[in-house]
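for reference, the sequence and a predicted model appear below.
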Amino acid sequence: MENNSGWYPLLHRILVYPKPVETKTEGGIVYVLEVDKRREEMAQVTGIVVACGPETFSDQPNSKVPQAGDEIMFGKLSGFFVRGTDGKEYRMINDLDVVAVKGEKHE
């Protein structure tokens, strides 16, 4: 994933693009109310790694280190939101807020 946000994480921070939220009715109609969408995005706990700081997981040598493009799971109150120069909302989190990486099992 290319970083078009204009933000580059320092130290142990990770820049994440929260996965978009869609709402469906029971009949399958997709609707998006701006307030509901924003509330759901704020509570999102999965996202795509955009960029990692140079010291990400340096104090956790046995950890799987997520790379740009990986889907991760993190605590819903982790980090803070930033708006990129591309107009998208991103989240800047600490590396230790990552609880899982989607994909292969890592021991």
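Noted; the coordinates are in hand.

stretch 1-19: which residues count as buried?
For stretch 1-19, the neighbour count (16 or more other C-beta atoms under 10 Å) marks 3, 5, 7, 9, 12, 13, 14, 15, 16, 17, 18 as buried. Heads up, the C-betas are built off the backbone N, CA and C, glycines and all.

ok, now how distant is residue 96 from residue 2?
26 Å (C-beta to C-beta, to the nearest Å).

oh, that last question was meant for residue 77, not what I typed.
28 Å.

for residue 103, report the pLDDT, please.
pLDDT, residue 103: 82.

whoops, residue 44 was the one
63.

one more: residue 49?
The score at residue 49 is 96. That number is its pLDDT.

ok, which stretches of this structure are helices?
For the chain, applying DSSP state H gives helices covering 34-42.

what's the least confident helix or strand in it, going by average pLDDT?
helix 34-42 (a mean of 61; mean pLDDT, DSSP states H and E).

the residue nearest to residue 74 when sequence neighbours are not counted: how many residues sit nearby?
Once flanking residues are discounted, residue 74 sits nearest to residue 97: 4.7 Å by C-beta to C-beta, 6 or more residues apart in numbering. By other C-beta atoms under 10 Å, the residues close to residue 97 number 19.

dump the residue contacts of residue 55.
11, 12 (C-beta atoms under 8 Å, 6 or more residues apart in numbering).

try 10 Å this time
Applying C-beta atoms under 10 Å, 6 or more residues apart in numbering, we find residue 55 in contact with 9, 10, 11, 12, 13, 95.
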